[in-house]
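Asks: predicted model, plus sequence, below.
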Amino acid sequence: MALKIKYCILLFLFVNAVLSQTQVRDSTSIQTFNDKITARIGLVNTSNSFIFNDLESNRRFNLSPNTREYLGISVLFRSVELDLGFSPNFLKQNRDNDNSKLLNLNFRMFLGQWMQTIDVYRQKGFFEDFEGQETAYPDVKTLKIGGSTSYIFNPNFSFRAVGFQNEWQRKSAGSFIPTLYYYYSNFDINTTGITNQTKNFDIAVAPSYYYNFVLHENFILGVGASSGFGLNLNTSGERTITSGLLELGGRASIGYNSERFFAGVNSSLNIFEHKEKRSVRIDDQITFLEFYIGYRLKAPKSFMRMADKVNKFLGI
């Protein structure tokens, strides 16, 4: 009985938090830059690592990509963001990663209070850290394609103000943001004792909450976390297994902003853990740390007219 009462209280608090978000935007809470094109460059340290539990050989492989640092270039205008990441050899972390490759392409769009992302990760070359000994697997390849669809309940909270900075939060605010994740991953595994091609499809629903603290007129701190569940489809050879999926995520950012120049630090963590024993079980963990600087420049009038027509057509 006590347990049911606790569930009822949690449900009430959850519904109350959601309903409290349904409000009209305060024109003084968020500063927009509708007439500016935002360009940004960042130094990114990322690790999309995988845990392979091979029951047949009774081994556990913790594989991390050889290439971890890359330069990220972003261009943003109004509701659209395009990111491209590449790994030059002159970066210290990448110098000893012969024949390793990393291509990261991200697309993000805001339609009103909806946020849509599309991600592509292509990696070649991994290493295994086992009891302090590193073993290189230069021929292991992965391809991940997917994204997420989110709804930002509070119109006075700006997700774009944290990290992307084509808006700026003027008043502290938070928002409940439910998100649907969906990723397809293809693994070409060629290691000592294991040769396998495995395909994964993950889909998860993850409620989350984010808050932007306005520390000063020019400084902002953003934090948030998510936790959700879903399904995983794993195909290896002719066998397909369906299992439960647990999603855990977190994000922390701090940024500086002026009318033209901005800079900051952006970090995030996403974990997709599968809940089923199988011949080869794959768990997925993505860590992300970025140091970035950017500049806003006046958009050409012809560009503005075209954007206004697109916004009118989409009703935003």
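Replies: Noted; the coordinates are in hand.
Asks: which SS class is Phe159?
Replies: At Phe159 the chain is in coil, as set by DSSP: H, G, I helix; E, B strand; the rest coil.
Asks: show me the helices in this protein, by range?
Replies: With DSSP state H as the criterion, the chain has helices at 2-19, 301-314.
Asks: of the ones you listed, which shows the lowest average pLDDT?
Replies: Lowest mean pLDDT of the helices of the chain: helix 2-19, a mean of 42.
Asks: can you pull out the low-pLDDT segments for the chain?
Replies: 1-25, 47-48, 52-61, 66-68, 85-99, 129-132, 190-196, 276-282, 311, 314-316 (pLDDT under 70).
Asks: so what's the nearest residue in space to Gly230 that is not next to it in sequence bridging to?
Replies: Leaving out its chain neighbours, the residue that sits closest to Gly230 by CB to CB, 6 or more residues apart in numbering is Ala204, at 3.0 Å. Any C-beta I mention is one placed from the backbone N, CA and C, and that applies to glycine too. Beta-bridge partners recorded for Ala204 (DSSP bridges): Tyr181, Gly230.
Asks: again, but for the one 10 residues further on
Replies: With DSSP bridges applied, the residues forming beta bridges to Val214 are Ile220.
Asks: ok, now which ones touch it?
Replies: Contacts for Val214 (CB atoms under 8 Å, 6 or more residues apart in numbering) come out as 169-172, 220.
Asks: now Arg170
Replies: Neighbour list for Arg170: 28-31, 214 [criterion: CB under 8 Å, 6+ apart].
Asks: swap in Thr240?
Replies: 233-234.
Asks: what subset of the contacts of Arg170 is buried?
Replies: Among the contacts of Arg170, those that count as buried by neighbour count (16 or more other CB atoms under 10 Å) are 29-30, 214.
Asks: distance to Leu82 for those - can I get that in a markdown table?
Replies: Listed next are these as a markdown table, based on distance: CB to CB, whole Å:
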| residue | distance to Leu82 |
| --- | --- |
| Ser29 | 27 |
| Ile30 | 22 |
| Val214 | 28 |
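Asks: nearest residue to Phe50 other than its sequence neighbours?
Replies: Leu63 (5.0 Å).
Asks: so Leu246 sits right up against Asp283, yeah?
Replies: No: with contact defined as CB atoms under 8 Å, Leu246 does not reach Asp283; the gap is 9.4 Å.
Asks: what touches both of these two?
Replies: By CB under 8 Å, 6+ apart, the residues touching both Leu246 and Asp283 are 271-274.
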